[in-house]
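S.K.: Just a sequence and a predicted model for now, questions to come.
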Protein chains: 2
Amino acid sequence: MWSLVILILLSLFAYILTDELIYKLQSLFINAGLFGIDLCKVSKEKIPEAIGVISGCVFLITILLFIPIGFGYSLMDRGNFPHHEFAELLAALLSICCMLLLGFADDVLNLKWRYKLLLPTIASLPLLVVYYVNFNSTTFIIPIPLRQFFGISVNIGFLYYIYMGMLAVFCTNAINILAGINGLEVGQSVIIALSIILFNIIELRGDQYKAHNFSLHIMIPYLATTLALLKHNWYPSKVFVGDTFCYVSGMTFAVVGILSHFSKTVLLFFLPQIINFLYSVPQLFHIVPCPRHRLPKYSAETDLLRASRTVVLKKDMPLLTKVVLRIFTSLKLVDKVEDKDGVILNNMTLINLVLIKLGPMSEVQLTKTLLVFQIFCTCIAFLIRYPMASYFYDLNIYNNFVS
Amino acid sequence: MWSLVILILLSLFAYILTDELIYKLQSLFINAGLFGIDLCKVSKEKIPEAIGVISGCVFLITILLFIPIGFGYSLMDRGNFPHHEFAELLAALLSICCMLLLGFADDVLNLKWRYKLLLPTIASLPLLVVYYVNFNSTTFIIPIPLRQFFGISVNIGFLYYIYMGMLAVFCTNAINILAGINGLEVGQSVIIALSIILFNIIELRGDQYKAHNFSLHIMIPYLATTLALLKHNWYPSKVFVGDTFCYVSGMTFAVVGILSHFSKTVLLFFLPQIINFLYSVPQLFHIVPCPRHRLPKYSAETDLLRASRTVVLKKDMPLLTKVVLRIFTSLKLVDKVEDKDGVILNNMTLINLVLIKLGPMSEVQLTKTLLVFQIFCTCIAFLIRYPMASYFYDLNIYNNFVS
Ligand SMILES: [Mg+2]
Ligand SMILES: [Mg+2]
């Protein structure tokens, strides 16, 4: 318990340090050509980009500095030093550090997609090895209604490792594609982090308390540094966070999900990101044309944002595209205008979906709406995880396995 | 032994991959504004900078991919998994990854000196914790001639950890300041790496073979990726390696020195860097004025390099400066011209020292001369470490302790 108190104090300090460093180092980023223009503003001033590297570094340093404190008691008694727990923490830090490096390299160099998919997989390798030697529990508990088909649990063995590797890739990219308006990336990450922390605190009384304690030791410094970033990134943004931040955040959530065995709960907290990803699939796989930016369109006269649009030419339209368009139209998920040459529809992101459903709104209102939806999804996640879990699972078995 | 064979094959592949990626990704660096002009050439073309990040990443990825292979045998038998060895490797990778990030950030953002000193110290923290729990041997063996004063061995306790933290800082910066002409940073690192590998191979037969085996598993992929970098960085350089490379190299050498308990032998291999550092001290601490670049001066007519110079004004010359100048002059370590206003002397780097002693020479000849000196120092190191060690130490005790 003392270790948590010290960690919280250290995290407060980390908040102040991040805040201070963002002020101080901004000009370095602009001098290095790391800046962007806010497309949803009238002013065309240079805004420093990739500032997530500052909060990420402070986050990493906080945990590094905490190592001698966190393991202080064990350090006295070297014979019984918990090497496996220490290896767990090191693997977590290594994966996060790799993503920090990859994200920053992406912001500076603009890497190709293949690297963005390959490198997180490799970066999660130490995690998987740690998981293998420390737990190697590859069993899914089957929900009660489905047990007649699959039995009580299914051991998916090697596939479980593939699942975990893909989780890392998914988390790192999912936040990155639900982004683009002031404060959204950071805001959603703060809400996910708070959800995980709440979940950990509830579970501290359970018999998996060690795993949840571990998760808290990662999430608290993460939250502190991210809040400092949010202060500068909230509307109107003084800094942009870059891919760096999205990658670090995604990997951090994947790391605690994997090593503290609640990866499915983490996925529940990722509901808006999953919806956004599924909704984006037609454009991500170029079934529907995908312009370089899918940001909402800013109108300087009204100071409001409206959904941006893409055009599908009717000539030589592939069958798959036709089918996809028909499905999305019948589900009322796109706002579509047709003329004789082509179909004009909104870019398929959750952000644009909100705009076509609720009408044009200001940027800050849009961010708030999306964050309220994120909070709503967290409530659903807790509903599924707790009251409804007794319907899907008998809890005695459930709590003893990976959740 | 098989694990070494697989590692060598993997390293060959890493060499090819690094070589390929350097070709392919160069343009990304130039587009991102990461380029420099070679000051010692007539042509003023843009040369991509910070390419060390490519070799560093491939180096890291190679070791990450090797984890499941290297621990393959242990993975079969999870009950006896060597958690402490795994933690050792993870700590090593974490420290190297932190330096890769710091180096790249420095190349992009031009960090201030304080960060360059502070961050390697923090990055070496996991190393020190691993060292503490796995060994905690903080005993120096005293050379025989000095035993009448200090006894057989001295346990310096906590100071040993300070020494190791400073070793990381020293190694990362020492390579960085013996640099600036084509192929020198990478060339010296290759020679140090080869020296360490040779030393490890010799010691594989000793009773510390596990530690030396560990070191080999880090140094071989390092050597492979660095050789690929040397191919592009050798005179005339097609790429510059940046601080990234120097930091990663320094930390890699410090890591194996610390975790495999031959930090003093590593320091012997760093003799030219130590000489360069000591010789640079008056300028590093601004006792003698230090211009922004201390590179030798290139003359386009002769295509030769000559020592660059700095000016000390005689008016208000501090006493310390006077004393330092007198000492260095009497040791014939500076080439000095005086007039009534000031003293003109060469910039105090090993590179310039070679030029004032041997006269102007071409860039490639200068690099070769310095590398020959590096090899010469390796020979001295082996001479001290082996034949002379029996004079300084009785070897039975020595081999059982940290060397
Ligand atoms: Mg990018
Ligand atoms: Mg620099």
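M.R.: Here it is on my side, so go on. Ligands and ions are numbered 1, 2, ... in the order given.

S.K.: after the biggest helix by length in chain A, next one along is what?
M.R.: Longest helix of chain A, by residue count under DSSP state H: helix A:2-31. Sequence-wise, the next helix or strand downstream of helix A:2-31 (DSSP states H and E) is strand A:35-37.

S.K.: can you pull the buried residues of that next one?
M.R.: For strand A:35-37, the neighbour count (16 or more other Cβ atoms under 10 Å in any protein chain shown) marks residue A:35 as buried. No exception for glycine: its C-beta is placed from N, CA and C like everyone else's.

S.K.: which residues touch it?
M.R.: Strand A:35-37 has contacts (Cβ atoms under 8 Å, 6 or more residues apart in numbering or on different chains) with A:29, A:44, A:45, A:46, A:47, A:48, A:49, A:240.

S.K.: what pairs with the closest residue in space to the first one that isn't next to it in sequence across the strands?
M.R.: Spatially, and ignoring its direct neighbours in sequence, residue A:29 is nearest to residue A:48 (3.9 Å; Cβ to Cβ, 6 or more residues apart in numbering or on different chains). Here residue A:48 sits in beta bridges with residue A:35, as judged by DSSP bridges.

S.K.: So residue A:48 versus ligand 1, what's the distance?
M.R.: 15 Å (Cβ to the ion, to the nearest Å).

S.K.: could you measure that residue against residue A:32, distance?
M.R.: Here the distance between residue A:48 and residue A:32 works out to 9 Å (Cβ to Cβ, to the nearest Å).

S.K.: So between those two, which is more surrounded?
M.R.: residue A:48 (25 against 20; other Cβ atoms under 10 Å in any protein chain shown).

S.K.: For the more buried one, give me its contacts.
M.R.: Contacts of residue A:48 by Cβ under 8 Å, 6+ apart are A:26, A:27, A:29, A:30, A:34, A:35, A:239, A:240.

S.K.: Could you identify the most distant pair in those?
M.R.: The span of the contacts of residue A:48, defined through Cβ to Cβ, is set by A:27 and A:240 at 14.7 Å.

S.K.: secondary structure element for the residue of the stretch 201-350 of chain A found nearest ligand 1?
M.R.: Distances between the stretch 201-350 of chain A and ligand 1 by Cβ to the ion are smallest at residue A:243, namely 4.5 Å. Using DSSP H and E, residue A:243 maps to helix A:242-259.

S.K.: what mean pLDDT does the next helix or strand after that helix have?
M.R.: Per DSSP H and E, the first helix or strand lying C-terminal to helix A:242-259 is helix A:263-269. What helix A:263-269 shows for mean pLDDT is 93.

S.K.: Need the residues that contact helix A:263-269.
M.R.: Under Cβ under 8 Å, 6+ apart, the answer for helix A:263-269 is A:163-164, A:167, A:171, A:192, A:195-196, A:199, A:253-254, A:256-257, A:274, A:377-378, A:380-381, A:384-385, A:402-403.

S.K.: can you pull out the strands in chain A?
M.R.: Along chain A, the stretches classed as strands by DSSP state E are A:35-37, A:46-48, A:139-141, A:153-155, A:297-299, A:304-306, A:309-313, A:336-338, A:342-346.

S.K.: Mean pLDDT lowest where, among these?
M.R.: strand A:139-141 (a mean of 75).

S.K.: Return the residues of chain A in contact with ligand 1.
M.R.: Within chain A, the positions lying close to ligand 1 (Cβ under 5 Å from the ion) are A:106, A:243.

S.K.: so where is chain A shaky, pLDDT-wise?
M.R.: A:389-403 (pLDDT under 70).

S.K.: Quick check: residues of it near ligand 2?
M.R.: Checking chain A against ligand 2 by Cβ under 5 Å from the ion, there are no hits.

S.K.: Domain parsing of chain A, as residue ranges.
M.R.: Structural domains assigned to chain A are A:2-269+A:364-401, A:284-361, following automatic domain parsing.

S.K.: just to revisit the earlier point, what packs against the longest helix of chain A?
M.R.: strand A:46-48, helix A:52-70, helix A:209-233, helix B:83-109 (3 or more Cβ pairs under 8 Å, 6 or more residues apart in numbering or on different chains; DSSP states H and E).

S.K.: Mean neighbour count, those: which tops it?
M.R.: helix B:83-109 (a mean of 26; mean count of other Cβ atoms under 10 Å in any protein chain shown).

S.K.: What subset of the contacts of residue A:48 is buried?
M.R.: Of the contacts of residue A:48, these count as buried by 16+ other Cβ under 10 Å: A:26, A:29, A:34, A:35, A:239, A:240.

S.K.: Same list, the residues you listed, but as a markdown table with distance to residue A:99 please.
M.R.: Below are these laid out as a markdown table (distance: Cβ to Cβ, whole Å):
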| residue | distance to residue A:99 |
| --- | --- |
| A:26 | 23 |
| A:29 | 19 |
| A:34 | 18 |
| A:35 | 22 |
| A:239 | 19 |
| A:240 | 18 |
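
S.K.: Now do the residue lying farthest from the centre of chain A against residue A:310, distance only.
M.R.: Most distant residue from the mean C-alpha position of chain A: residue A:340, 41.0 Å away (Cα atoms, centre = their mean). Distance of residue A:340 to residue A:310, computed by Cβ to Cβ: 18 Å.

S.K.: quick one on the thing from earlier: double-check the residue of the stretch 201-350 of chain A closest to ligand 1 against residue A:106; I have them as touching.
M.R.: Yes. Using Cβ atoms under 8 Å, residue A:243 makes contact with residue A:106 at a distance of 4.5 Å.

S.K.: mind listing what residue A:247 touches?
M.R.: A:99, A:100, A:102, A:103, A:106, A:120, A:172, A:176.

S.K.: Nearest residue to it in space, please, no chain neighbours.
M.R.: residue A:103 (3.6 Å).

S.K.: Whether stretch A:112-132 contacts chain B - can you check?
M.R.: Yes. Counting by Cβ under 8 Å from any Cβ of the partner chain, chain B has neighbours in stretch A:112-132: A:119, A:122, A:123, A:125, A:126, A:129, A:130, A:132.

S.K.: out of those, which is most surrounded?
M.R.: Neighbour counts for those, by other Cβ under 10 Å, peak at residue A:123, which reaches 30 neighbours.

S.K.: Of the contacts of residue A:247, which pair is most distant in space?
M.R.: A:100 and A:176 (14.1 Å).

S.K.: sorry, back to before: now the contacts of strand A:35-37 as TSV including distance to residue A:286?
M.R.: Below are those laid out as TSV (distance: Cβ to Cβ, whole Å):
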residue	distance to residue A:286
A:29	33
A:44	31
A:45	34
A:46	32
A:47	30
A:48	32
A:49	26
A:240	26
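
S.K.: Alright, that wraps it up for me.
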